[in-house]
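Using only what follows, build the 3D model:
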Amino acid sequence: MSKMAVIGDRASVYGFAALGLETHYAETAEEAKRLLRALEGEDCSVIYITEHLAELVRDELARLGEQPLPAVIPIPGVYGNTGMGIRAVNESVIRAVGSDIV
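Residues are numbered from 1 along each chain as shown. Here you go, the predicted model:
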């Protein structure tokens, strides 16, 4: 069975464990890249990552975006919402539908 995971700073992702997601703590780009690669190798279908870390590992997210799985979804962290997650969802909708319907 595939799993879902979340990567981010401790304060942002700690509560996701109560929902049954694997929580992984990272503060730097190097830690986040290592975790993304490790989760990619496991049976992980969805990876949530805080927007702050996602900004730091854009190249890795672009590489993962070329594959069907895992789906990597940026989420706001305790540092606030940068809008990156909404933009990523909007870009996915445009690719799927062919126009901006959001």
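
where does the protein have low pLDDT?
The chain contains residues with pLDDT under 70 at 1, 85, 102.

ranges for the helices of it?
In the chain, the helices defined using DSSP state H lie at 10-13, 29-41, 51-56, 58-65, 84-97.

closest one to E22 among those helices?
Of all the helices of the chain, helix 29-41 sits nearest to E22, with 8.0 Å by C-beta to C-beta. C-beta here means a position set from N, CA and C on the backbone, and glycine is covered the same way.

hang on, the earlier thing: mean neighbour count, the helices of the chain: which tops it?
helix 51-56 (a mean of 21; mean count of other C-beta atoms under 10 Å).

Please name the residues that touch S99.
By C-beta atoms under 8 Å, 6 or more residues apart in numbering, the contact list for S99 is empty.

Looking at the helices of the chain, which is nearest to V78?
When the helices of the chain are compared by C-beta to C-beta, helix 10-13 sits nearest V78, at 4.7 Å.

For that closest one, C-alpha coordinates in PDB please.
Output of helix 10-13 as PDB, limited to C-alpha atoms (Å, rounded to 0.1, in the frame of the first residue of the first chain):
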ATOM      1  CA  ARG A  10       9.200  20.400  13.100                       C
ATOM      2  CA  ALA A  11       6.600  23.000  14.100                       C
ATOM      3  CA  SER A  12       4.900  22.900  10.600                       C
ATOM      4  CA  VAL A  13       4.600  19.100  10.200                       C
END
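
Throw the helices of the chain into JSON lines and include distance to K3, thanks.
Below are the helices of the chain laid out as JSON lines (distance: least, C-beta to C-beta, whole Å):
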{"stretch": "helix 10-13", "distance to K3": "15"}
{"stretch": "helix 29-41", "distance to K3": "9"}
{"stretch": "helix 51-56", "distance to K3": "19"}
{"stretch": "helix 58-65", "distance to K3": "16"}
{"stretch": "helix 84-97", "distance to K3": "21"}
